[in-house]
Structures are given as C-alpha cells and as structure tokens.
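A.B. asks: what follows is a predicted protein model with its sequence.
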Amino acid sequence: MLTSRLRLIVIAGGLLLLLTAPYLAQLTGSAGLLGLANRIAIYAIAAVSLDLILGYGALVSFGHAMFFGLGGYAVGIIAFHTGTGEPLFGWKGSNAALIVWPLALVACALLAAAVGTLSLKTSGVQFIMITLAFAQMVFFVLVSLQSYGGDDGLLLDRRNTLPLIDLSRPTTFYYVCVALLVGWTAFCARVVNSRFGLVLQALRQSERRSINLGVDPFPFRLVAFIISAVGTGLAGVLWANYARFVSPDMAAWSKSGEFIAIVVLGGLGTLLGPIAGTAVFIALEQILSIWTEHWMIVMGPVLTLVALFGRRGLAGRLFGERNG
Amino acid sequence: MAEPASQRQAPILAIDGLRKAFGALVATDDVTLDIRTGELHALIGPNGAGKSTLITQICGELKPDAGRILFDGRDVTRLRPHLRSRLGLGRTFQITQLCPDFSALENILLSIETRGGGSFDMLSNPRGNAGAIASARARLAEVGLGDLADRQAATLAHGQRRQLEIAVALAREPRLLLLDEPMAGLGPEESAAMTRLLDGLKRRYAILLVEHDMDAVFALADRVSVLVYGRVIFTGTVAEVRSDPAVRAAYLGGEPAC
Ligand SMILES: Nc1ncnc2c1ncn2[C@@H]1O[C@H](COP(=O)(O)OP(=O)(O)O)[C@@H](O)[C@H]1O
Ligand SMILES: [Mg+2]
C-alpha cells in the first residue's frame, strides 16, 4: 500500500524530471544538462530492452552492444552514402528517419535472429560467452570497415529528418527520445505481463516445469531476444543521431558490460529500475570523469556494493515484485 | 476373479522392454508395465530402485537405451517432452517444480495457458481472462488451496506446494497423471489429506503413483508394481502384493506392511 503510493510518486517525479530537463537546463544556464538528460534517455531504452531478456528471461547477453553498434552504423552508413551520392547496393540513400530507422531496426532483428538461433541452444556461461563472441565479431568487422572510417568511426553531417518535427533542435530531439523511451517501456511492460510474458517468465523460474507443461523454450526465448535487440538497436539509432558520430566502440565488449551493469544497478526484472539505473550510472560517470579519467575505479566498487547488498538493485524494492 | 472392464480396454500407457543404464548401473532393466484407463497404478520400491528414472523416461526428459513407450496406442519413445505433455501427460516431481515468483493462481493460469504450448500473444494479459481465472480458482479449491490463490508460491508451506503442483497438473485435464512421491515430507495429517485428494481423483484420471507411504498405497491402488534394482519383480493387486513372499523378502522386509 505504502510502497505502491511511493512507487507512483517516484514514477511521476522521474517523468516530471525527464519532461522538464530542458527548462532546468535553461534555468541553471548549463547546456550540458540537456545533453546529459538526452544520453540518459537513449541509454535507458537499451537498458529497458536488455532487462526484458536479462531480468524476465534470465538470458545474460554479454553482447548486446552489437545491436547498439549495428543500429548506429546503419544510420551512419546510410548517411555516408546519402551524403557522398555513392549508391549503397544501388540505392541512393535517404535522410528520412521514417525510412532509415526502420531499416536499421530490421537489420538488428535479422542479426538477433541469427545470433539468437545459434546462442539460445546453449545456456548459462556458454550463452554469455557465445553472445560475447558474436559481439566481438561485429566489433572487428566495424573496425575493418576502412571506407567507413575503420577504427576512427564515422561522422554524420546532420541528423535524420522527420516530417513536421525538427530533429536538429536539441530540445526537440530530446523530447523525441523521451517519447520513444516512454512508448518502448510501456510496450515492454505490456509484453512481460502478456500471455507471451507469462511463458517467458515461467521459463526463467523453472525451465523443467515449463517444458513439462508443453512449452518449447527456444521460440519464446528467440522472440524475446529479437525484441530486446530491436530496442537496443533503437538506442543505437538515436545515439548516432544524438552524437552525429558512430565508432566501433559502440559495439565494444565494455559497452555490453556497461549495459548489464546498468540493469543490475537499477534492479533486474523491473523495467523502471533500469531507467533509474541509467540515470545514476550516466550521471555518476559524468561527475566522476570530470574528477578523474579512471572513473571506473570508483564506479566498480559502487556496482559491486549494489550487487552484493542491494539484491534487487537501487529500485528493486520499489519497482520489484515482477509486475514492474 | 472378475476382470474389471478397464482391463479389456487398450491401456493408456504401455511400457515395453524399457532399459536405461548409467554406465554400469542399470537403472531401468527390461521394464514392461501398463496403466489402464482410469486405473491408479502404484509403483513402489526402495530408494534408488529407478522409480524417478522411469518417470523421466515416460515424460521424455531422459532417452531410454532400448524399449518402447506407447501413450494411448501411439509410440512416443522418440517424442520430445513438451510434445508428450501436450498429448495429455501431466506430472508432479519428487522435488516440487513450480514457478516460485508466481502466485498460486498464476501457476495454474500458466498450466491452462500452455495446454497447447503457450501463446505468442504479447498484448492480452492472462490475469484478465475471467474464464481462465474462474477455472484456475476452481482447481485451487479442489486441492484445498482456495484461500491462497494470491500467495506467492515460494511462500507456501511444503505441503501446500505439493497440493499446488497437483492442481497445476490437473488444470490441463491430463489423460495420465504421473505423481512422484506426492507425500514425501508431509506430516501424518497432511498425508491423510493428500490421500483423500488422490482418492477423489481416482478413476477420473489414470494415475501412476510412486510412493513410499504404504498406508496410502494400499488404500488407493488398483494395482501395484514393485521395482527393485530397476526390475519389475511383481505386478498385482494390493492383496496379491501383500501376500507375495518374494515381495515381502525383497522390499517389505517381512515386516507387517500396515
Ligand atoms: N542422471 C543420472 N546419472 C547417473 N545415475 C543416475 C542418474 N539418475 C539416477 N541415477 C541413479 O539411478 C538409480 C535410480 O535412481 P532413481 O530413479 O532416482 O531412484 P528412485 O526414484 O527409485 O529412488 C540411482 O542409483 C541413481 O543414483
Ligand atoms: Mg525417486
């Protein structure tokens, strides 16, 4: 009763903070604040997506950065061809978000279908290692793409365009990211509480029970893996547009680890927890990296403490009890 | 002796020459056994005799080295476990297998939802399906958990979890129930309640009951098979099994059985 009211207050407060960030930035005269809020909104989409399989499906993907990277590079590569006029598979390219973004997400879904099909035959540590291996392959492919900048990455001259909405304005772009975050989180919440979600969560709790009830685990996990990858890809798409820069680092193993750390920090299997986790993680990263470039020296112990003592993460108590 | 009508029908489950070895240990040794429609068939035997191993082979989790398993006349020996379950094979485990984070009701809903293998519907919430909820509540009431529908399974007492597991198996109207030691770890009163519950299920379902509690077995079983070192050394009625000298020597140890 008390928790449910507190939960509502925290959700409303968080939403209010997200919605008013541009005004707060203006008020305090710190332009960096909007950028910080924008990075949080984008990473939170990836965190919510990863929580879908990590928290609700107990599938520890240590390679989710590959979808973040692929989503970003799809935007970057199409922008490159559109800019230079050099056709891509005979296509002149486009700058329209409504064309480029769905293409990027389809690419992520296809990669996830392939990786999921191969990796979901295993479980536990093997699954972790196989997803990591695939992400490393994607990373090295990106590094080897010399015509797209190789190691150095690729600069985009401008953001994709939407009809009626001017994405080049920082505040507008920020609100688009927040709207996508809210919409995507609502969709994921619907999924975990659906008939599909019931089976996905049952597989996490007792695979043996589920199989003996007639469930074939593989297709359920594969579909969840693909949805999760598409969400992470969307974060990559937004990141490429936000930073107007993509580099192989987007698909690095350390990025995959960061995503896991954020979800664990926020609270596994809560959807809203990982959003809070993202805010704390990105804000801490920002503050600590001003102070020292070895900010992980501080972040590491913080994460360890949360993992050790806050069994369900920062927001676990609040957003916990599965129906997040 | 008059043959019961069910005996002339084709059995719901027929096991023929089943064999399974773990290295040098033969856990299932040329087992031939059938379960008739509506029959409660008890399987008894000392610890390590291979009772659970037999059940895992019937369910398909474990592949036998040789032999055949026919379910309702159909050879299922090579069918994967989830597909066997969909044919109407319900089971409980020696160590309870439930979804601990789900409520009792959600555990039953899951069983109803997965009757055909589960749905990919990502929009509708099964907790809002009034028909399924009503039938899930009826199942819970049937096993005596009517008041605990919203309790998280992990917080239920051991005996209640056993009852819940039976309700989960029943919720899909199975054609054969495999119960692996449902009384294990229950106190005398809980055992008596479980015996009454099983007595109520008798004849509505074909049941293979693995159980150590001889009072329960003798009260419930139509027929009893005795498994020792992986071999079925005897199959017969309760009266026959109680008086058989070989069984007494090998298993009942000559002690008065009751
Ligand atoms: N997966 C396994 N690998 C090796 N040995 C096993 C395995 N499962 C069961 N056993 C052995 O098979 C024998 C029968 O076990 P089990 O079927 O559990 O007996 P029961 O249920 O009758 O007590 C035991 O000796 C057990 O140690
Ligand atoms: Mg056993």
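C.D. replies: Good, I have the coordinates. Remember, predicted model here, so these are calculated numbers, not experimental data. Ligands and ions are numbered 1, 2, ... in the order given.
A.B. asks: got phi/psi on the residue lying farthest from the centre of chain B?
C.D. replies: The centre of chain B is farthest from one residue, B:Leu123, which by C-alpha atoms, centre = their mean lies 34.4 Å away. B:Leu123 adopts backbone torsions of phi -110, psi -40, taken as degrees, to the nearest 10.
A.B. asks: look up how far B:Leu98 lies from it.
C.D. replies: 26 Å (C-beta to C-beta, to the nearest Å). Where C-beta positions appear, they are placed from N, C-alpha and C, glycine not excepted.
A.B. asks: that's a strand at B:Leu209, yeah?
C.D. replies: Yes: using DSSP: H, G, I helix; E, B strand; the rest coil, the assignment for B:Leu209 is a strand.
A.B. asks: is it true that it touches B:Leu220?
C.D. replies: Yes: with contact defined as C-beta atoms under 8 Å, B:Leu209 counts as touching B:Leu220 (6.7 Å).
A.B. asks: any shared contact partners between the two?
C.D. replies: Contact criterion C-beta atoms under 8 Å, 6 or more residues apart in numbering or on different chains; residues shared by B:Leu209 and B:Leu220: B:Leu40, B:Ala42, B:Leu198.
A.B. asks: export these to TSV and append columns for pLDDT, secondary structure and distance to ligand 1.
C.D. replies: Putting these into TSV (pLDDT from 0 to 100; DSSP: H, G, I helix; E, B strand; the rest coil; distance: C-beta to the nearest ligand atom, whole Å) gives the following:
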residue	pLDDT	secondary structure	distance to ligand 1
B:Leu40	96	strand	19
B:Ala42	96	strand	13
B:Leu198	95	helix	19
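A.B. asks: which single one of those is nearest to B:Leu109?
C.D. replies: Nearest to B:Leu109 among those: B:Leu198, at 23.7 Å, using C-beta to C-beta.
A.B. asks: where along the stretch 201-324 of chain A do the helices fall?
C.D. replies: Counting by DSSP state H, counting those that start in this stretch, one finds helices in the stretch 201-324 of chain A at the ranges A:207-211, A:217-243, A:253-266, A:272-291, A:296-309, A:316-319.
A.B. asks: which one of the ones you listed lies nearest to B:Cys59?
C.D. replies: Among these, helix A:207-211 comes nearest to B:Cys59, with 8.8 Å by C-beta to C-beta.
A.B. asks: right, is the closest one up against chain B?
C.D. replies: Yes: Helix A:207-211 reaches chain B (C-beta under 8 Å from any C-beta of the partner chain) through A:Arg208, A:Arg209, A:Ser210, A:Ile211.
A.B. asks: and the last one, what pLDDT?
C.D. replies: Each residue has a pLDDT score; the one for A:Ile211 is 96.
A.B. asks: residue contacts, residue 190?
C.D. replies: This is for chain A. Residues near A:Arg190 by C-beta under 8 Å, 6+ apart: B:Met122, B:Leu123.
A.B. asks: my bad, chain B
C.D. replies: By C-beta under 8 Å, 6+ apart, the contact set of B:Glu190 is B:Gly159, B:Met183.
A.B. asks: can you pull the buried residues of the helix or strand harbouring it?
C.D. replies: For B:Glu190, the element it lies in under DSSP states H and E is helix B:188-201. Going by neighbour count (16 or more other C-beta atoms under 10 Å in any protein chain shown), the buried part of helix B:188-201 is B:Glu190, B:Ser191, B:Ala192, B:Ala193, B:Met194, B:Thr195, B:Leu197, B:Leu198, B:Leu201.
A.B. asks: repeat that for stretch A:187-206.
C.D. replies: For stretch A:187-206, by 16+ other C-beta under 10 Å, it's A:188-189, A:191-206.
A.B. asks: ends of it, what's the gap?
C.D. replies: Distance across stretch A:187-206, first residue to last, is 25 Å (C-alpha to C-alpha, to the nearest Å).
A.B. asks: centre of the chain to it, how far?
C.D. replies: Between the mean C-alpha location of stretch A:187-206 and the chain-wide mean there is a distance of 19 Å, by C-alpha atoms, centre = their mean, to the nearest Å.
A.B. asks: and for stretch A:112-120?
C.D. replies: 18 Å.
A.B. asks: how about it, does it reach chain B?
C.D. replies: No: for stretch A:112-120, no contact with chain B is found by C-beta under 8 Å from any C-beta; the gap never falls below 14.8 Å.
A.B. asks: buried by neighbour count, from the residues of helix A:207-211 next to chain B: which ones?
C.D. replies: By 16+ other C-beta under 10 Å, those give A:Arg209, A:Ser210, A:Ile211 as buried.
A.B. asks: what is the burial count for A:Ala107?
C.D. replies: For A:Ala107, the count of nearby residues is 18 (other C-beta atoms under 10 Å in any protein chain shown).
A.B. asks: I'd like the distance between the residue nearest to it when sequence neighbours are not counted and ligand 2.
C.D. replies: Ranked by C-beta to C-beta, 6 or more residues apart in numbering or on different chains and with sequence neighbours excluded, the top spatial neighbour of A:Ala107 is A:Ala74, at 5.1 Å. Using C-beta to the ion, to the nearest Å, one obtains 54 Å as the distance from A:Ala74 to ligand 2.
A.B. asks: hey, C-alpha coordinates of the helix or strand hosting B:Ala14 in PDB?
C.D. replies: Using DSSP H and E, B:Ala14 sits within strand B:13-22. In PDB, the C-alpha atoms belonging to strand B:13-22 read as follows (Å, rounded to 0.1, in the frame of the first residue of the first chain):
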ATOM      1  CA  LEU B  13       0.200 -46.200 -21.200                       C
ATOM      2  CA  ALA B  14       2.200 -49.200 -22.200                       C
ATOM      3  CA  ILE B  15       5.900 -49.600 -21.500                       C
ATOM      4  CA  ASP B  16       7.600 -52.400 -23.300                       C
ATOM      5  CA  GLY B  17      11.100 -53.700 -22.600                       C
ATOM      6  CA  LEU B  18      12.400 -50.400 -21.400                       C
ATOM      7  CA  ARG B  19      16.100 -50.200 -20.500                       C
ATOM      8  CA  LYS B  20      18.300 -47.400 -19.300                       C
ATOM      9  CA  ALA B  21      21.900 -47.700 -17.900                       C
ATOM     10  CA  PHE B  22      24.000 -45.000 -16.300                       C
END
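A.B. asks: much appreciated, bye for now.
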